[in-house]
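**Q** coordinates for the following, if possible.
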Amino acid sequence: MGSWKKTNSCGELRKDDIGKEVILMGWAQSRRDHGGLIFIDLRDREGITQIVFDPEDSAEAHTKAHIIKNEYVLAVKGKVVSRLTGSKNPNMPTGEIEIKASQVKILNISDTLPFNINDKIEINDNLRLKYRYLDLRQSKMQRNLHLRHQVCMEIRNYLNSKKFLDIERLYSSQ
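**A** Sure thing, here's the model as predicted:
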């Protein structure tokens, strides 16, 4: 398949992008098999895009989609198409489009997780903290990290404009 380079994030494609050939990379949020067609919601830190695997478009990609499970890391090549009337999702920024997969590459597999990466479920705090690296994948936590980054950047930019130097203390073992 050669070298693949991501063209877009999973949260940025809209109906103006219909017809565009794209490469998306992210985690498989969910997989649904609808008797021939397989749908995977692909997630990265920018959002979610629905990927459709149709055996008539690419038998090889469709066969691979059968083995994909939640949290597998994927690279998907395909074409942006409009979702069929009645299947559009107004609750998602990318809800008017989907990607018709022509190729898929499984970049990494995942064991079954101790909890779903889904903001709609409550998770025991001890479990969340034990698997902090998974908890940080949730969109709520991603928003918190982004907000913290933005606040820190504003503070640093302000202090920089006042000619302050940002000096970090280096710790030594002595």
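**Q** partners of the lengthiest strand in the chain in the sheet?
**A** Longest strand of the chain, by residue count under DSSP state E: strand 21-34. Applying DSSP bridges, strand 21-34 is found paired with strand 37-44 (antiparallel), strand 73-82 (antiparallel).
**Q** could I get those strands as a markdown table with mean neighbour count and distance to residue 133?
**A** C-beta: built from backbone N, CA, C; applies to glycine. Supplementary listing: the strands paired with strand 21-34 in a markdown table, determined by neighbours: other C-beta atoms under 10 Å; distance: least, C-beta to C-beta, whole Å:
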| stretch | mean neighbour count | distance to residue 133 |
| --- | --- | --- |
| strand 37-44 | 21 | 15 |
| strand 73-82 | 19 | 14 |
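**Q** low-confidence bits of the chain, can you list those?
**A** Scanning the chain for pLDDT under 70 picks out the ranges 1-2, 119, 174.
**Q** CA atoms only for stretch 22-35 - export them in CSV, please.
**A** Provided in CSV are the C-alpha atoms of stretch 22-35 (Å, rounded to 0.1, in the frame of the first residue of the first chain):
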residue,chain,number,x,y,z
VAL,A,22,-9.0,11.4,1.7
ILE,A,23,-6.9,9.5,4.2
LEU,A,24,-8.1,9.5,7.8
MET,A,25,-6.4,7.9,10.8
GLY,A,26,-7.8,7.2,14.2
TRP,A,27,-9.4,4.8,16.7
ALA,A,28,-12.3,2.6,15.8
GLN,A,29,-15.0,4.0,18.1
SER,A,30,-17.7,1.5,17.1
ARG,A,31,-18.4,-1.1,14.4
ARG,A,32,-21.8,-2.0,13.0
ASP,A,33,-22.5,-4.8,10.5
HIS,A,34,-25.7,-4.1,8.5
GLY,A,35,-25.9,-7.2,6.4
